[in-house]
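In: Okay, predicted coordinates and the sequence, questions at the end:
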Amino acid sequence: MNDVSSFRFSNRGRSVGLISILAALLFILSSQAEAAPAPNLPSLPIPGINFAIGAGDGPRDVVLTLQIVALITVLSMAPAILLMMTSFTRILVVLGFIRSAIGVQQTPPNQVVSSLALFLTFFTMAPVWTEIYDGALVPYMQEAIPPQVAWERSVDPVRRFMFAQTRERELSLMVRLSGMEEPANQNEVPSMVLIPAYILSELKTSFQMGIVIYIPFIVVDMIVASILMSMGMMMLPPSMISLPFKLLLFIMADGWNLVVAGIVSSFN
């Protein structure tokens, strides 16, 4: 016991000595750092940002201010515009049906599914955006057309795209709910009526495509469940056994290519 206690006291003495040496080194280094002159660093000007509200010099200043406010408003509503007036809704819902039909709830992750839907939206909407860029944005930036004409040329391609994908039943429903008279042509249909009709049509189309996707995987689940029941394995979840077979079926059928090709061709 005396040997053990003496060993403990010797270790404590060594640790105290090391701590004292480290403290002394830190004190010396800090004193040298305070004594050393600071290097002459070049002084850089700090930029300042000022916001001021005052009287404008003319109508041009007011128009510029309104344009900035309109731009900020459009940027804040960009996600909603992307969801409502493009093909993003249909693509995202169909990809969600694929995950649910296979039985993998978090694979692929939500970020991957959303990114794939976003880039497929860019792909399917490229002709519309190219028409807007060539017919409205470029002439407006070159000051060849006024802002009103640029706005009309920007809205017309999007409206034609939405009309091509909107069902007559959903459009008639929104026209009836709005209380307006029956329009004679597409130009008389306001955008506030067209947009919800388009969204309802997209949801209906995506659900129809989801049913078609579900059918093969439901057949696999039924086959696996009947086999397990015939073998007397009542307590074994069928989804645990059918999941590898559904994944194998999806891979062998080249499912991703078929689904993407079906989604893109549905907008033609």
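Out: Alright, I've got the coordinates. Predicted model, so just to flag it, every value in this text is computed and none were measured.
In: just the helices in the stretch 1-150 of the chain please.
Out: Counting by DSSP state H, counting those that start in this stretch, the stretch 1-150 of the chain has helices at residues 2-35, 59-76, 78-85, 88-102, 110-124, 126-132, 138-141, 147-165.
In: just checking, residue 99 touches residue 108?
Out: Yes - Residue 99 is within contact range of residue 108, at 7.3 Å (criterion: C-beta atoms under 8 Å). Every residue, glycine included, has its C-beta placed from N, CA and C.
In: rewinding a little: out of the helices of the stretch 1-150 of the chain, which gets the lowest mean score?
Out: Mean pLDDT values for those show the minimum at helix 2-35, a mean of 49.
In: Residue 243 - nearest residue in space that isn't next to it in sequence?
Out: residue 103 (5.2 Å; C-beta to C-beta, 6 or more residues apart in numbering).
In: count of residues packed around that neighbour?
Out: 16 (other C-beta atoms under 10 Å).
In: Equivalent analysis for the one 10 residues further on, please.
Out: Burial of residue 113, expressed as a neighbour count using other C-beta under 10 Å, amounts to 17.
In: hang on, the earlier thing: in terms of pLDDT, where does the residue nearest to residue 243 sit?
Out: Note on residue 103: pLDDT of 80.
In: got the contact list for it?
Out: When the contact criterion is C-beta atoms under 8 Å, 6 or more residues apart in numbering, the partners of residue 103 are 217, 239, 242, 243, 246.
In: And residue 264, by the same measure?
Out: By C-beta under 8 Å, 6+ apart, residue 264 lies in contact with 120, 123, 124.
In: Show me how to select, in PyMOL, the buried members of these.
Out: A single PyMOL command selects the buried members of the contacts of residue 264 (16 or more other C-beta atoms under 10 Å):
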select buried, resi 120+124
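In: The contacts of residue 264 into JSON lines, with extra columns for distance to residue 140?
Out: Shown next, in JSON lines, are the contacts of residue 264 (distance: C-beta to C-beta, whole Å):
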{"residue": "120", "distance to residue 140": "29"}
{"residue": "123", "distance to residue 140": "25"}
{"residue": "124", "distance to residue 140": "25"}
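In: Find the centremost residue of the chain, please.
Out: residue 114 (4.9 Å; C-alpha atoms, centre = their mean).
In: so it makes contact with residue 93?
Out: No - applying C-beta under 8 Å as the test, residue 114 and residue 93 come out as separate, 11.9 Å apart.
In: thinking again about what came up before, mind giving me CSV with the contacts of residue 103 and columns for secondary structure and distance to residue 65?
Out: What follows is the contacts of residue 103, written out as CSV (DSSP: H, G, I helix; E, B strand; the rest coil; distance: C-beta to C-beta, whole Å):
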residue, secondary structure, distance to residue 65
217, helix, 56
239, helix, 59
242, helix, 62
243, helix, 58
246, helix, 58
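In: Count the neighbours of the closest residue to residue 151 other than its chain neighbours for me.
Out: Spatial nearest neighbour of residue 151, chain neighbours left out: residue 136 (7.7 Å); criterion: C-beta to C-beta, 6+ apart. Neighbour count for residue 136, taken as other C-beta under 10 Å: 21.
In: Show the pLDDT at residue 136.
Out: On the pLDDT scale, residue 136 gets 84.
In: That concludes my questions; thank you for your assistance.
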